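**Student:** For reference, the sequence and a predicted model appear below.
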Amino acid sequence: MIKKTITAAAVTFVALGAVAFAHSGASGIYKERMDAMAAMGKVVKDLSAIMRGEADYDAAKIQEGARLIQSHAGEAMTLQFPEGTTDKPSEARVEIWSDWDTFSELAEQLKMNAEGLEKAASNGLAMGGQTSGSMMGTENSTMMGGQSGMMSGDQTMMSAEQLAAMPADGVFNAVAQTCSACHTKFRLEKK
Amino acid sequence: MKKLLLLAVVALTSAGAVTAAVFAWPISRTVELSTTVGDANRGAYLARMAGCIACHTNAEEGGAPLAGGLALPTQFGTFYSPNLTTDKQYGIGAWTIEDFSRAVRQGISPEAEPYYPAFPYPFYTKLSDQDIADLWAAFQTVAPVSEPSKPQEMIFPFNFRDGLKLWRAAFLKTNGFEPDPSQSDVWNRGKYIVEGPAHCGACHTPRNFAGARQAELKMHGAQGLPDGGKSPPITSNALKDKNWTVSNLKYALKTGILPDGDAFGGSMGEVVRDGTSFLSDDDLTAIATYLLERSE
């Protein structure tokens, strides 16, 4: 009887483990980096509501969020992508390793932009809803002017000090652009 | 047997006649535009909105702006965007504004050849004379690049360009933009951008066997896009179901950030990076307003 119970418990335990595994679908380095992305996504969700003016402005919350992003950016991020780690359910594209320089530059850029955001947290929002940071302004309206940088995703890096002088939503846009630039190049989209 | 032969001859002859007729079918209309003065800044803004710069620049491989060469793989073959710089031999430097207008709004080359609709001229038919003049003025500011355009690599039978005349007759509507007087200016501006230059339906409306958009499924989302992916539906109901609002939709088009904190990747990431992130706050409001308020 006891033996049976133990067996049943063991079976249940293993089955539960399998369910848990299938549910998260990830373990080890995969789980680590997916959790890191999810944590940043949560911050971006909360802060973007502030930047849109839908949530109350909260400098402390912006600083805290900026620090969380920093903690997952730069080398902390690139170390989570050992070469060839593309097993399901990973959404990592092999281009990460064939174009490692771009990937690691984007990870560094994210860190620098998040540092800028921390410093700019008390600057408030830009007036009038024109929330563009200088990297995405409409002032570059000539066909040639500054566009090739924008288009190759290889944006002019601004120093954390330059970013620190900008309205918080402008700096947050720079963070957001970095997320999207990296996803566009290096993330598999669900088919 | 004799009858059969006769039938075959008749069929072949008429097929030949149809082919010849299609070949000889003139499709262009004349335009006169030389008197309209263009604004190059406004034109460059429009070139962003319309994706001219995104699609005609091979940024990934370090290509010069608007020198073309970007590959667009489709089920009909692989398209390469042509050189649109002011180079007289390889670009559009020898064109007149009338050539340009016919190319952009009618999809017909200066040699009277129809363009493949991978070039989204069925949307650009909504552009006004002033838009064309502005774009033309902007294209004059582009430095010449002396590189030939890559030939299109179409699979049989799509490599026969004259077949496109039949496609045009069946599917192309070349009416310009008509505002709806019962709607606000903002809504109408959004409709113009979405259905005209921004050509959202090119990816978000499913296409039929011939690659033409299915009008009754406008903005319902599509599969088998050039990158192999699919696009979500962006009808007003679908957007509202996903908790999109004017505020968070225009924000997503500006920054790439979705309401759940994710950031666009894939082809929408490119659309934001190379296109909508450059648009004015008013235009983003117009796009979001129209998409959320249009009747299905």
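**Tutor:** Thanks, I have it. Nothing here was measured: the structure is a model prediction, and the numbers come from that model.
**Student:** quick one: contacts for the closest residue to A:Gly53 other than its chain neighbours?
**Tutor:** Leaving aside its sequence neighbours, A:Gly53 sits nearest to A:Leu125 (C-beta to C-beta, 6 or more residues apart in numbering or on different chains; 6.9 Å). All C-beta atoms are positioned from the backbone trio N, CA, C, and that covers glycine. With contact set as C-beta atoms under 8 Å, 6 or more residues apart in numbering or on different chains, A:Leu125 has these partners: A:Met51, A:Gly53, A:Tyr57, A:Thr131, A:Pro167, A:Ala168, A:Asp169.
**Student:** what's the most distant pair in those?
**Tutor:** When the contacts of A:Leu125 are compared pair by pair using C-beta to C-beta, the two farthest from each other are A:Tyr57 and A:Thr131, 13.5 Å apart.
**Student:** And these two? Which one has more around it.
**Tutor:** A:Thr131 (23 against 15; other C-beta atoms under 10 Å in any protein chain shown).
**Student:** Model confidence at the more buried one, what's the number?
**Tutor:** Predicted confidence (pLDDT) at A:Thr131: the value is 42.
**Student:** Can you identify each of the strands in the chain by residue range?
**Tutor:** Chain wasn't specified; assuming chain A. Counting by DSSP state E, chain A yields no residue ranges for strands.
**Student:** Can you look at chain B instead?
**Tutor:** Remark: strands of chain B, listed N- to C-terminal, are B:71-74, B:77-80, B:153-154; assignment by DSSP E.
**Student:** Out of the ones you listed, which is closest to chain A?
**Tutor:** Of all these, strand B:71-74 sits nearest to chain A, with 15.2 Å by C-beta to the nearest C-beta.
**Student:** List the neighbouring strands of that closest one plus their orientation.
**Tutor:** The strands beside strand B:71-74 in its sheet (DSSP bridges) come out as strand B:77-80 (antiparallel).
**Student:** Show residues contacting the strand it pairs with.
**Tutor:** B:68-73, B:116, B:118, B:149-155, B:158-159.
**Student:** and if we set it to 7 Å?
**Tutor:** Residues outside strand B:77-80 that contact it (C-beta atoms under 7 Å, 6 or more residues apart in numbering or on different chains) are B:68-72, B:116, B:118, B:149-150, B:152-155, B:158.
**Student:** number of nearby residues for residue 122?
**Tutor:** Since no chain was named, I'll use chain A. Around A:Ser122 there are 11 other residues, counting by other C-beta under 10 Å.
**Student:** To clarify, I was referring to chain B.
**Tutor:** Residues within reach of B:Pro122, counting by other C-beta under 10 Å, total 21.
**Student:** so it touches B:Leu172, yeah?
**Tutor:** Yes - with contact defined as C-beta atoms under 7 Å, B:Pro122 and B:Leu172 form a contacting pair (5.8 Å).
**Student:** who in the stretch 101-250 of chain B is up against chain A?
**Tutor:** With C-beta under 7 Å from any C-beta of the partner chain as the criterion, the stretch 101-250 of chain B meets chain A at residues B:Ala138, B:Thr141, B:Val142, B:Ala143, B:Gly228, B:Gly229, B:Lys230, B:Ser247, B:Asn248.
**Student:** Narrow those residues to just the buried residues.
**Tutor:** B:Ala138, B:Val142, B:Gly229, B:Lys230, B:Ser247, B:Asn248 (16 or more other C-beta atoms under 10 Å in any protein chain shown).
**Student:** okay, who's weakest in those by pLDDT?
**Tutor:** Of all these, the model is least confident about B:Gly229, whose pLDDT is 82.
**Student:** and B:Pro157, how many neighbours?
**Tutor:** For B:Pro157, which is what you asked about, the neighbour count (other C-beta under 10 Å) is 8.
**Student:** pLDDT at residue 25, what is it?
**Tutor:** The chain I'm using is chain A. Per-residue confidence at A:Gly25 stands at 65 (pLDDT).
**Student:** Switch to chain B, please.
**Tutor:** The pLDDT attached to B:Trp25 in the predicted structure is 65.
**Student:** and what of A:Ile6?
**Tutor:** The predicted local confidence for A:Ile6 is 60.
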